[in-house]
Every structure is written in structure tokens, then in C-alpha cells.
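*Asks:* Have a look at this fold, sequence not included:
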């Protein structure tokens, strides 16, 4: 991305945020809870918009027509593969460049390694947050705690368990 494109995207996000702020700004004398909810909502909107856009751009980045395979061979670009990521900002669907190795018959998406995706296609931040919550509460109660805290993490019970156990093994 050129510096000009980078600046244009920043301006686009800032303009959309300014529009939302103008539309939704609380009235003078608003309750403190309304003010906090407003600020939180705006923060989540910005996090999601920036996260989705940058994740998609990074996922679609193609590293040429070939990529190194784990077997030592060269994998050739085939097509884009879609995947839904579980991020700290919620679920984000991305398209990643997929490469296939004729030598070993295996394929891979380099973006998965760049993103350091874990179990259930979770990003490192999502993994860390789930692991902390799971250390505090039993797995069956984590989803309710996530909702109570207003976090946009969306994983089922089994995925939460797998992510937490994988983080524990890494530690």
C-alpha cells in the first residue's frame, strides 16, 4: 500500500467515525451509564472496522506465485480460501491465498502462520482473553461472562475449552 493509499484509508475511517459521533453523541446531562455505553460502542465500532479492513488486506496479500512448503518443496498458488477468524473484535471472514505443493500433496495458507492462528481459528489476543476468563470461571460459564463483560468473542463451549488447553500447553 502506498503512503497516499494509507492516508486515504485513515481519512475514510475518521470521516465515518465523525459521522457516527455526530449522529449518536449523547445529549447534555445524559446518565453516566449512557456516556460509558456510548464510548464503549464507539470504541468497538472503530476496533471492528479497522480490524476487519486490515485483516482482510493482510489475508489477501499474495506472496508471489510460489511459497515454501514444510516438506522443503515449492507450493504453487492455486486460489483464495475463505475462513472465519475468531478475533478480539468478533468474527471476521477473510480470504487467504492458498498454495498447493505437488511434491507432498499438502496445501497451506501463509496468512494463517503470519496471523499465528490457534485452535478454532482464534487470533493470539482472542486466545489470551479466553484463557484468562477460563482460568477464572469454568468453561461452561465463560460464554455468559463474555456477554456480561460486553466482549465480542464468539466461541462455543468446546472451542473455548480447546483454546484454553492449547494456551496452557504453550505456557
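*Replies:* The structure has been received and is ready for your questions. Computed from a predicted structure; not experimentally measured.
*Asks:* my read: residue 35 touches residue 26, true?
*Replies:* Yes. With contacts counted by C-beta atoms under 8 Å, residue 35 reaches residue 26, the gap being 5.7 Å. For every residue, glycine as well, the C-beta is placed using N, CA and C.
*Asks:* biggest helix in this structure by residues?
*Replies:* The residue-count maximum for a helix in the chain (DSSP state H) belongs to helix 32-60.
*Asks:* and that one, how far from the chain's centre?
*Replies:* Here the centre of mass of C-alpha atoms in helix 32-60, compared against the chain's by C-alpha atoms, centre = their mean, to the nearest Å, lies 11 Å away.
*Asks:* What residues sit buried inside that helix?
*Replies:* Neighbour counts over helix 32-60 (16 or more other C-beta atoms under 10 Å) mark 45-46, 48-49, 51-52, 55, 59 as buried.
*Asks:* That one: what's the following helix or strand?
*Replies:* In the C-terminal direction, the helix or strand that comes right after helix 32-60 (DSSP states H and E) is strand 66-68.
*Asks:* Mind giving me the packing neighbours of that following strand?
*Replies:* If you count contacts as 3 or more C-beta pairs under 8 Å, 6 or more residues apart in numbering; DSSP states H and E, strand 66-68 packs onto strand 74-87.
*Asks:* How many neighbouring residues does residue 146 have?
*Replies:* Around residue 146 there are 19 other residues, counting by other C-beta atoms under 10 Å.
*Asks:* Distance-wise, check it relative to residue 6.
*Replies:* Shown here: residue 146 relative to residue 6, a distance of 33 Å by C-beta to C-beta, to the nearest Å.
*Asks:* Test my guess that residue 53 contacts residue 9.
*Replies:* Yes. Using C-beta under 8 Å, residue 53 makes contact with residue 9 at a distance of 7.2 Å.
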